[in-house]
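A structural model of the following input is requested.
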Amino acid sequence: MKIAVTALQNSLDSDIDPRFGRAKYLVIYNTVTDQYTILDNTRNKDLAHGAGTQTVQDVVQHDVRYIITGDCGPKAERALQAAKVDIIRGVNGTVEKAVHAFKAGTLTAATQ
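Here you go, the predicted model:
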């Protein structure tokens, strides 16, 4: 299963970006293979409008099932729900710690 964690920098050591649509990076992590890729979200981050919904399209193309972030705007939330992607919000710390917490089952999706 793939999860996406919003990140301020392009590494697992990065702090979580508190914003979903305007996050600088998204770490796409495969929980089965423990491999990850970094998605540069700069083009969406700098949009005047629609950053969240554009970012949703990108994560859906990567077959992401869960988003881990600080917060998510209402338009992006509706788009994620329509795409059947669950949101885990209110998370801080590093991307790596969030991935470990997710794998341990200690994070709860807001849409559940």
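
and the strands in this structure, which stretches?
Secondary structure of the chain by DSSP state E: the strands cover 2-7, 25-30, 35-40, 64-68, 86-88.

pick the most buried one from these.
strand 2-7 (a mean of 26; mean count of other CB atoms under 10 Å). C-beta: built from backbone N, CA, C; applies to glycine.

which outside residues touch it?
14-20, 23-31, 38-39, 59, 62-70, 91, 95, 98-99, 102 (CB atoms under 8 Å, 6 or more residues apart in numbering).

ok, now with 6 Å
Residues from elsewhere that reach strand 2-7 (CB atoms under 6 Å, 6 or more residues apart in numbering): 14, 16-17, 20, 23, 25-30, 59, 63-64, 66-69, 95, 98, 102.

what's the angle from it to strand 64-68?
Relative orientation of strand 2-7 and strand 64-68, computed by axes from the mean of the first three to the mean of the last three CA atoms, to 10 degrees: 30 degrees.

C-alpha coordinates for strand 2-7, PDB please?
Provided in PDB are the C-alpha atoms of strand 2-7 (Å, rounded to 0.1, in the frame of the first residue of the first chain):
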ATOM      1  CA  LYS A   2       1.200   3.500  -0.700                       C
ATOM      2  CA  ILE A   3       1.000   6.500   1.600                       C
ATOM      3  CA  ALA A   4       1.900  10.100   1.000                       C
ATOM      4  CA  VAL A   5       3.400  12.300   3.700                       C
ATOM      5  CA  THR A   6       3.700  16.000   3.200                       C
ATOM      6  CA  ALA A   7       7.300  17.200   3.700                       C
END
